[in-house]
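Student: Can you look at this prediction? I've put the sequence above it.
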Amino acid sequence: MRAAAPLAAGPGPGGIAAVIGELLGLRAQGRGGEAHALLCEAAAWPAGRLPGLADELVRAGLAADWATLLWEAASLPPERLAAAAAALGEAGRYADCEALLRQGAARPAAEIAEAAMALAGSGRTREADALLGAFVKVRTAEEAVRLARRDPQWLTPRLLRAAEALSGTHHRDLVHALRVAKPPVQ
């Protein structure tokens, strides 16, 4: 059974090195389930630690584990998802940020709205728009209308821009869904 000491000790620089060492050991022993549990715990670390953890995982040859950690981070509560995306964006890890946001687009519309507004509130409008773009790409126009209801004045124009950037069809479908919504979304 895996000891919880490295994560319990906190996510400082030694915490990252300890996690990398433990992951390497677990992988070498074929203990994938325990490695996954460790990644889930690390996904819950403070968002500012994620870019450094990503660098060290990739440097140690554990890029697949970084992808798994991103997947797990996509299921964090909306404000934590937003913080993780913002930290990755601030660190210049744009591809990771966008992957995280695409994976997070599977959430309920209300959580997407909350995460997008949290990102914008922290000055990360690029990431907020990327999240909304991912949502519009994989969800129906009716779901986008439900999302827009959270803050119609702020969300509706962004959703329309995201839909237009995807295709004329996406844009027309969203415009139609907004018009026929009961009550209409302004």
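Tutor: Yep, that arrived.

Student: Only C-alpha atoms from now on, for both contacts and neighbour counts.
Tutor: Noted.

Student: where does the protein have low pLDDT?
Tutor: 1-14, 186 (pLDDT under 70).

Student: Show me the domain layout of it.
Tutor: What automatic domain parsing lists as the domains of the chain is 1-73, 77-186.

Student: Any chance of TSV for those domains, columns mean neighbour count?
Tutor: Below are the domains of the chain laid out as TSV (neighbours: other C-alpha atoms under 10 Å):
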stretch	mean neighbour count
domain 1-73	17
domain 77-186	19
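
Student: next one: phi and psi at Pro183?
Tutor: phi -70, psi 160 (degrees, to the nearest 10).

Student: I'd like to know how far the residue lying closest to Leu166 once chain neighbours are set aside sits from Ala64.
Tutor: The shortest distance from Leu166 to any non-neighbouring residue, by C-alpha to C-alpha, 6 or more residues apart in numbering, is to Lys137 (7.1 Å). According to C-alpha to C-alpha, to the nearest Å, Lys137 stands 25 Å off from Ala64.

Student: What of Leu81?
Tutor: When Leu81 is compared with Ala64 (using C-alpha to C-alpha), they lie 20 Å apart.

Student: cool, Ala42 as well?
Tutor: Counting by C-alpha to C-alpha, the gap from Ala42 to Ala64 is 14 Å.

Student: And for Arg149?
Tutor: Arg149 is 38 Å from Ala64, by C-alpha to C-alpha.

Student: before we move on, what about Ala118?
Tutor: From Ala118 to Ala64 the distance is 28 Å (C-alpha to C-alpha).

Student: Which residue, neighbours along the chain excluded, lies closest to Thr125?
Tutor: Leu119 (6.3 Å).
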